[in-house]
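>>> Quick one, structure for this:
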Amino acid sequence: MTRFARTLLAALIGAVAPLSIAPPIHAADLPAYVDEGDTGVCSEPWVLNRITSRFRYQVQHVPHLPDVEIVDFRRIHQHRYLPALGEKRPIARRYCGARVALSDGRERAVWYLVEEGQGYAGMGDNVEFCVSGFDRWMVYNGHCRVLR
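Okay, here's the model as predicted:
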């Protein structure tokens, strides 16, 4: 079964499944939801492949970036999880980090965010990433601060 078909099936099942109401959340309950042992979607091959291919595109099309590629991911971890909370926060987000080995022999930090249900036309998940030192136009602020 293709990924598109699985995503479509999951969306249909999710639309039919009964909705559950989350318990009220208080300010003391809002610190980052961290589970160091399970990296979950952060280490999924499709997420890492998307980062690798989009990084390759970035270094080829942004002026004055070194021509390198990601060759390996190390120390993958999820450092924050913000679940969907109805209208207040309708999108679940997982904030992840890792170290990447580049083809020039250097190692850099990479920070990325996986947003559930925010893929193309609302199907699948969206991945935003920032490799430290490669955010030439400061899209994610200095040192990838927005995705940390």
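>>> Contacts for the longest helix anywhere in the chain, please.
Ranked by residue count and defined by DSSP state H, the top helix of the chain is helix 45-61. Contact partners of helix 45-61, identified using Cβ atoms under 8 Å, 6 or more residues apart in numbering, comprise 3, 41, 65-70, 73, 96, 110, 112, 114, 127, 129, 131, 134. Backbone N, C-alpha and C define where each C-beta goes, glycine included.
>>> ok, 10 Å please
Residues from elsewhere that reach helix 45-61, judged by Cβ atoms under 10 Å, 6 or more residues apart in numbering: 3, 39-42, 44, 65-73, 76, 94, 96, 98, 100, 102-103, 110, 112, 114, 124-131, 134-136.
>>> filter those residues to the buried ones?
39, 41-42, 65, 68, 70, 73, 76, 94, 96, 98, 100, 102, 110, 112, 114, 124-131, 134-135 (16 or more other Cβ atoms under 10 Å).
>>> helices or strands next to the lengthiest strand in the chain in the packing?
For the chain, the longest strand by residue count, based on DSSP state E, is strand 70-82. Counting contacts by 3 or more Cβ pairs under 10 Å, 6 or more residues apart in numbering; DSSP states H and E, strand 70-82 is packed against helix 45-61, strand 93-102, strand 107-115.
>>> what lines up beside that strand in the sheet?
Note on strand 70-82: by DSSP bridges, its sheet partners are strand 93-102 (antiparallel).
>>> relative to strand 107-115, how tilted is the partner strand?
150 degrees (axes from the mean of the first three to the mean of the last three Cα atoms, to 10 degrees).
>>> Now do strand 93-102 against helix 45-61, angle only.
Using the same axes, to 10 degrees, the inter-axis angle of strand 93-102 relative to helix 45-61 is 60 degrees.
>>> tell me the contacts of Cys96?
Cys96 neighbours (Cβ under 10 Å, 6+ apart): 39-43, 47, 51, 76-81, 110-114, 127, 129, 147.
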